[in-house]
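1. Structure for the following, please:
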Amino acid sequence: QIHQLRTRVGLEMRLELTDLFAFVGLGGKDANFLRRFNPFFAHAHPDFVFALREAVRKLMELIVFHDRLLRIQGLMNSSDKGALIREIQTKRIWDSGEYPYWLAFEVEGQLQIRPKQYAVAKEMMNG
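-> As a prediction, this is how the structure comes out:
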C-alpha cells in the first residue's frame, strides 16, 4: 500500500516498458539509471547489470517475434499468399545488440525491420 501511495503522489518512479528500452539502448552501462527505480541496484555488480540488459534485450526480441507470429496468423486467413510467404521468409540480418534502439522501434511499432530497410538505413548511415 505504501508503494502504491508513493507512486500515485509521484514520490516513487515506476518502471515503464520504454524505460527498459532506454536501459538496453544505454548498453546497460548506467547503474544510476537502474538506481532511480530501485535503490538495491546502487551496488549492483557489473556482471549483473550486463545480464539484466541482455535479458531485457532477449525479451524485446521475443516481443517482436510474437508480433510476427500474429502477423503470420492473420495472413494465413488472407488471400494474399505472397505476403504470407514474404513474412515467413523474413529474417533479421542486423544485430540487436549493436542497434538496440532499432529493436525498441520494432517493439513500439509492432513491426519488423526488413532486410531491404536495413540496407537502406545502413547506406544512409555510412553516407
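
2. which residues are in contact with stretch 58-69?
-> Outside stretch 58-69, the residues within contact range by Cβ atoms under 8 Å, 6 or more residues apart in numbering are 20-21, 24, 87, 90, 96, 103-104, 106-107, 110-112. For the C-beta atoms, the positions are set from N, CA and C on the backbone; glycine is no exception.

3. Now L75. Nearest residue, chain neighbours left out?
-> Closest residue to L75 apart from its sequence neighbours, by Cβ to Cβ, 6 or more residues apart in numbering: L84 at 4.1 Å.

4. where does this protein dip in pLDDT?
-> 1-15, 17, 26-31, 37-38 (pLDDT under 70).

5. Longest helix in it, by number of residues?
-> helix 46-76 (DSSP state H).

6. tell me the contacts of R114?
-> T90.

7. where's it relative to L69, distance?
-> R114 sits 17 Å away from L69, going by Cβ to Cβ, to the nearest Å.

8. quick one, helices of this protein?
-> Listed in chain order, the helices of the chain (DSSP H) span 2-8, 17-25, 31-35, 46-76, 81-89, 100-109, 115-126.

9. Having no further points to raise, I will conclude here.
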